[in-house]
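Undergrad: below is the structure, and that's it, no one-letter string:
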């Protein structure tokens, strides 16, 4: 099933052209000199999140922007953006109209995901960290407590995802553990990040089709893949790369071809690589760089070489 079809990206071009300068629409940022590079000619269009939020085409043209800082987000099949911004969850139309909003009741809203049945899943950081499912009317219909430290609420959790089995996969940063929670709050699986690596905080946790779990470890400057038993079966560090591209690796996505897209949130130098694609054999096959003075927090790849990704994005 094609979730994010090419016609949707083309639709964004049309919508941006006709609506971008409407009174209530976000204005595009000045051209940051974006550049995609690949020896084999790979191109991607993608949604980028962080200090700047924008959709860029495979021709490096900015198709759409959102004026707020975002931690997580998705381009929905209807063309709307779903984002976690500050302490809110928002759904925004292409002309900038907010059609759904949930205001967090604690310190931060860190994650958002469309989980079907008219519900959005969010996580709240605070004295009582929790997973929420909220309906279109803003009513909380599911609440699952997260067993996390409360000394530093900002560093509790990040890219939580609801799994096809109904459980929730939660990367817990300074707890240095990824946990799978059942809807009743019971921990049914966990994997600890390397104890011998300083600040190997799990930020993104992606459950793969084979049951393994791919994890980006922010300040630990590494990416690891756990098997079902919680054993590391693959890892990537800067020592594996021709140059150090991993700089606070936060967001990421596993592509259908088995390659992995990784964000470097800590890369604040203009002109340096903010996003790259690497193979299982640890070969870098595509990079994205721009002149922004900050890195990229999260990403959603929309299409590759002009063809939409098939199936649900693994991110």
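TA: Thanks, I have it. Worth saying up front: this structure is predicted, and the values here are computed from it rather than measured.
Undergrad: low-confidence ranges, this structure, go.
TA: Residues of the chain meeting the criterion pLDDT under 70: 1-30.
Undergrad: need the helices for the stretch 1-150 of the chain, in chain order.
TA: Along the stretch 1-150 of the chain, the segments classed as helices by DSSP state H, counting those that start in this stretch run 6-19.
Undergrad: for it, which segments count as strands?
TA: 35-37, 44-49, 53-56, 62-66, 72-75, 81-85, 88-92, 98-103, 108-116, 119-125, 130-135, 140-145 (DSSP state E, counting those that start in this stretch).
Undergrad: start to end distance for stretch 252-263?
TA: One end of stretch 252-263 to the other measures 6 Å (Cα to Cα, to the nearest Å).
Undergrad: wait, I meant stretch 192-209
TA: 20 Å.
Undergrad: now do it: distance to the chain's middle.
TA: Distance of stretch 192-209 from its chain centroid, counting by Cα atoms, centre = their mean, to the nearest Å, is 15 Å.
Undergrad: thinking again about what came up before, residue 174 is nearest to which of the strands of the stretch 1-150 of the chain?
TA: strand 119-125 (11.7 Å; Cβ to Cβ). Placement of C-beta: from N, CA and C, glycine included.
Undergrad: other residues contacting the closest one?
TA: With contacts defined as Cβ atoms under 8 Å, 6 or more residues apart in numbering, strand 119-125 is touched by 82, 84, 89, 91, 100, 102, 104-115, 129-136, 141-142, 146, 153-154, 156-157, 160, 162, 168, 170.
Undergrad: pairing partners for it, with directions?
TA: Using DSSP bridges, the strands paired with strand 119-125 in its sheet are strand 108-116 (antiparallel), strand 130-135 (antiparallel).
Undergrad: what angle sits between the first one and strand 98-103?
TA: Counting by axes from the mean of the first three to the mean of the last three Cα atoms, to 10 degrees, strand 108-116 points 130 degrees away from the direction of strand 98-103.
Undergrad: torsion angles phi and psi at residue 68?
TA: With angles defined as degrees, to the nearest 10, residue 68 sits at phi -90, psi 160.
Undergrad: which residues touch it?
TA: Neighbour list for residue 68: 53, 83, 85-86 [criterion: Cβ under 8 Å, 6+ apart].
Undergrad: thought residue 188 was touching residue 181?
TA: Yes: with contact defined as Cβ atoms under 8 Å, residue 188 and residue 181 form a contacting pair (7.2 Å).
Undergrad: mutual contacts of the two, please.
TA: Common neighbours of residue 188 and residue 181 (Cβ under 8 Å, 6+ apart) are residue 167.
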